[in-house]
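> Quick check, what structure comes out for this input:
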Amino acid sequence: MTRVSLALFLAFATAGCGDLASPSPRGDIDASTTDSDASDAGTDLGGAAFSEAGAGIDAEATPGSFMGFAGFPADLSYNASFDTGEARDGYSQDPNTRLSCFDGLDNDASMVADCADPACQSLGSCCVGRGDCCVELSSSPLPTSLDVSGCSGTEVGACLTAAMTTFSSFGSPGPFLDRGALAPGGDASGDGGLLLGDALDLRTHRVALEADFVDAEECGPTCLESVALGVVPDGPVGRIVHPLVALLSSPSLAQVRLIIGDDVVKSFPSTLASSRWSLSLDPEGRVRVGNDQPGFVAFEAPFTPIANARLLIYGRSRNPSATGVGGARIGHVTVHTSLCDMPAAWGARQALPLLEGGNPASTTLSSGLSAPSMARDGLVTFAAFARAGSILLGELSPDGAELSPLGTPSYVVPDMAISWQAGGFDDPALLRPSSRPPEVYFTATGTDGVERIGVASLNDASEFAVAPLPALDPADYGELLDVSEPSVVEHSSGVTLLLAHVRDARGTHLEAFYRGAPSEAFARILDGNLAAATESGSEQADADDVSEPSLVLFDHAWHLYVARRQGARYSIGLLASDELVSWRWIDADAFGGSGVAGAFDRLGARSPAVEGNGNSVDLLYLGLDGASSRLGRVERTSNGGTVTP
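Numbers count the residues shown, from 1 in each chain. Next up is the predicted model:
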């Protein structure tokens, strides 16, 4: 038995009891330079275990089959009727109809299919990437309302300060109160108004606004008065407002206008101007205008969401006068802000330096480094890399990737006398089981050239012992020729779930496996569509190869990040599932090259390693610039948060 003493994993074993999973990417990391201009920007299942119903394994081809299998639901508290057998677009627990919410067909003649069918929309995977499936924020960067009807005088500041509303005014003259409503200020030469709240990411947030426009009491054809409600890119407003999206009331034109950029997209008659208007923007890029008058037909138009936007009221007013007639004003405004799970809305990218004892890593240690992976346990994020046929263990910090956190590099190495591992180790995947010591899964190449998946466990002697036999050997699964690149998580039932890149006579694809205890063999999940969805060259995959899986349970669904290769170009795609059986492509290019000249990842990204961290997803990856690979890190926020599987 091969043993390696790993002091690092002694700390790992006592750092916490969180589930750890990492993907198993490939590709060498170039540590020769860093990008100084790049910046870093557990919900319970309710005790639900896997279902025993159904038949999801191949008992003939799979040794050690673990009970019957109908899937591992991501979150039964979210999908309350998941196992009731209730039909959804033809969906039920019956394996024969399991894929009906995932097949692109209208199986129940409802005129809509899959996630567009209301019967499917309760599935967690149907919420991923949808701008209308969001969670309203109890604490928002935007005010929830603006109502000045109870304020006296014309001074806006005191009124809004008393209401604890964050704001800044602009224009000359600035905004003022007029007969229980807000006049924007400004004049014939420019706009005035208010910026409300803080900057908001419209790529991840849905904003629903409601307001009363109050028409000017006298406004002829030459009257320049107007008042508008909308959003504008963050930054100086300027003399003339150029909104991203706004709804503008123009008394002189007798119209309420939808403005997107500098274009008037739609005009509505002024007969509706004194009624209640609504303007909503969702992160999929849809604007919707509504009105509370009977017979009004809501209008929709596209827009481009941006990362930093501000809510504003703006327009032009005649000078305030105690005896003059009322101008164009805006009355009570309400704001509803929701956070959505939008997989392509990533923050700032960071090129991670490789460190050795807090200093730049030596070429001796950093050269040949590949296959980054990570796993969070409490406040510590551990990392693993393939290096020179062994597994190097490290730690991530805001400063970079520490390759020698305890002063001496720690490795898991193969035993060259054992044929199935004599070709070396690659693609590490860390796992911190809840009831047994830490484990490291990896790809092992044998003297016969076959790729298998092995595992090393921390033993009673505080040594990492590589199991004498592979955890997954393709010879045990009939038609499989190679299994590699493991991604591993532990389910709340104690079952170990493993996704791998496999090769058979037809090509390559991804498959899911599971086992109830280390003494049992992994069983295959065969009833689903993961293999078909990720098969090399298939219409669904639309890629020459789909590889390097990284599985995480997040926002009520299983999220599977993968590397997609088309020719020599790589991007990172995302699939989602509710139970590891039925899968859908969410975004084939959820994360790709930055396209920024000189950036470490300008041409592409691969090798995803994903961890959930509260309401955010942390992605470690290899950035590609055409000449080398560099380690990068990026994060995105979401509405549902990390789920403990």
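> For the helix or strand encompassing L339, name the packing helices and strands.
When elements are assigned from DSSP states H and E, L339 belongs to strand 329-340. With contacts defined as 3 or more Cβ pairs under 8 Å, 6 or more residues apart in numbering; DSSP states H and E, strand 329-340 has these neighbours: strand 134-136, strand 145-146, strand 181-183, strand 205-214, strand 226-233, strand 309-316. For every residue, glycine as well, the C-beta is placed using N, CA and C.
> So which of those is nearest G261?
Taking Cβ to Cβ as the criterion, strand 226-233 is the member of these that comes nearest to G261, at 10.5 Å.
> and the closest one, which strands flank it?
When pairing is defined by DSSP bridges, strand 226-233 lines up against strand 245-250 (antiparallel), strand 309-316 (antiparallel).
> Convert the C-alpha atoms of that strand to CSV, please.
Listed next in CSV are the C-alpha coordinates belonging to strand 226-233 (Å, rounded to 0.1, in the frame of the first residue of the first chain):
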residue,chain,number,x,y,z
SER,A,226,-41.2,66.4,-18.6
VAL,A,227,-40.6,63.9,-15.8
ALA,A,228,-39.2,60.4,-16.1
LEU,A,229,-38.4,57.3,-14.0
GLY,A,230,-35.7,54.8,-15.0
VAL,A,231,-32.2,53.6,-14.7
VAL,A,232,-28.9,55.1,-15.9
PRO,A,233,-25.3,53.8,-16.1
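> And the strands paired with strand 226-233: which comes nearest D544?
The minimum distance between D544 and those falls on strand 309-316, with 38.1 Å, by Cβ to Cβ.
> re earlier: tell me which residues of the strand holding L339 are tucked away?
For strand 329-340, the buried set under the neighbour-count rule, 16 or more other Cβ atoms under 10 Å, comprises R329, I330, G331, H332, V333, V335, H336, T337, S338, L339, C340.
> I'd like the next helix or strand past that strand.
Going down the chain from strand 329-340, the next helix or strand is strand 350-351, by DSSP H and E.
> Who are the packing partners of that following strand?
Other elements packing on strand 350-351 under the criterion 3+ Cβ pairs under 8 Å, 6+ apart are strand 629-637.
> What helices and strands are in contact with the strand it packs on?
In this structure, strand 629-637 makes packing contacts with strand 350-351, strand 616-624, judged by 3+ Cβ pairs under 8 Å, 6+ apart.
> Strand partners (parallel or antiparallel) of the shortest one?
Using DSSP bridges, strand 350-351 pairs in its sheet with strand 629-637 (antiparallel).
> returning to that earlier point: quick one: which of the strands paired with strand 226-233 is nearest V634?
The minimum distance between V634 and the strands paired with strand 226-233 falls on strand 309-316, with 20.5 Å, by Cβ to Cβ.
> Flag every buried residue along the closest one.
Within strand 309-316, the residues scored as buried using 16+ other Cβ under 10 Å are A309, R310, L311, L312, I313, Y314, G315, R316.
> L224: which of the residues you listed is nearest?
Each of those was scored against L224 by Cβ to Cβ, and R316 proved nearest at 5.4 Å.
> hmm, back to that, mind giving me JSON lines with the helices and strands packed on strand 629-637 and columns for distance to D399, mean pLDDT and mean neighbour count?
Written out in JSON lines, the entries for those read as follows (distance: least, Cβ to Cβ, whole Å; pLDDT from 0 to 100; neighbours: other Cβ atoms under 10 Å):
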{"stretch": "strand 350-351", "distance to D399": "11", "mean pLDDT": "94", "mean neighbour count": "21"}
{"stretch": "strand 616-624", "distance to D399": "15", "mean pLDDT": "93", "mean neighbour count": "25"}
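> I'd like those laid out as a markdown table, including distance to D578.
Conversion of the helices and strands packed on strand 629-637 to a markdown table gives the following (distance: least, Cβ to Cβ, whole Å):
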| stretch | distance to D578 |
| --- | --- |
| strand 350-351 | 32 |
| strand 616-624 | 18 |
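> of these, which approaches S138 most closely?
S138 lies closest, by Cβ to Cβ, to one member of the helices and strands packed on strand 629-637: strand 616-624, at 17.5 Å.
> Count the residues that sit near Q293.
Neighbouring residues of Q293 were enumerated by other Cβ atoms under 10 Å; the total is 12.
> Where does it fall, secondary structure wise?
Here Q293, judged by DSSP H and E, is contained in no helix and no strand.
> so who does the spatially closest residue to it that is not a sequence neighbour touch?
Computed as Cβ to Cβ, 6 or more residues apart in numbering, the closest residue to Q293 that is not its neighbour in sequence is S275, at 5.0 Å. Residues counted as contacts of S275 (Cβ atoms under 8 Å, 6 or more residues apart in numbering) are D212, N291, D292, Q293.
> S275 and E210, how far apart?
Using Cβ to Cβ, to the nearest Å, one obtains 11 Å as the distance from S275 to E210.
> just the contacts of S275 now: which is nearest G537?
Once Cβ to Cβ is applied, the member of those that ends up nearest G537 is N291, at 50.6 Å.
> pretty sure the closest one is touching F268, no?
Yes. Here N291 reaches F268: they are 7.3 Å apart, a contact under Cβ atoms under 8 Å.
> mind giving me the domain ranges of the chain?
When the chain is parsed into structural domains using automatic domain parsing, the resulting residue ranges are 2-41+344-637, 136-340.
> want to throw those into CSV with distance to C101?
Putting these into CSV (distance: least, Cβ to Cβ, whole Å) gives the following:
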stretch, distance to C101
domain 2-41+344-637, 7
domain 136-340, 20
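> follow-up on the earlier one: any shared contact partners between N291 and F268?
With contacts defined as Cβ under 8 Å, 6+ apart, no residue is shared by N291 and F268.
> of the strands paired with strand 226-233, which approaches F72 most closely?
strand 309-316 (38.8 Å).
> Dump the closest one to CSV, keeping only the CA atoms.
Coordinates of the C-alpha atoms in strand 309-316 are reproduced here as CSV (Å, rounded to 0.1, in the frame of the first residue of the first chain):
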residue,chain,number,x,y,z
ALA,A,309,-26.8,51.0,-12.9
ARG,A,310,-28.5,53.7,-10.8
LEU,A,311,-32.2,54.4,-10.3
LEU,A,312,-33.2,57.9,-11.1
ILE,A,313,-36.0,60.5,-11.5
TYR,A,314,-35.2,63.2,-14.0
GLY,A,315,-36.8,65.7,-16.4
ARG,A,316,-37.3,69.5,-16.8
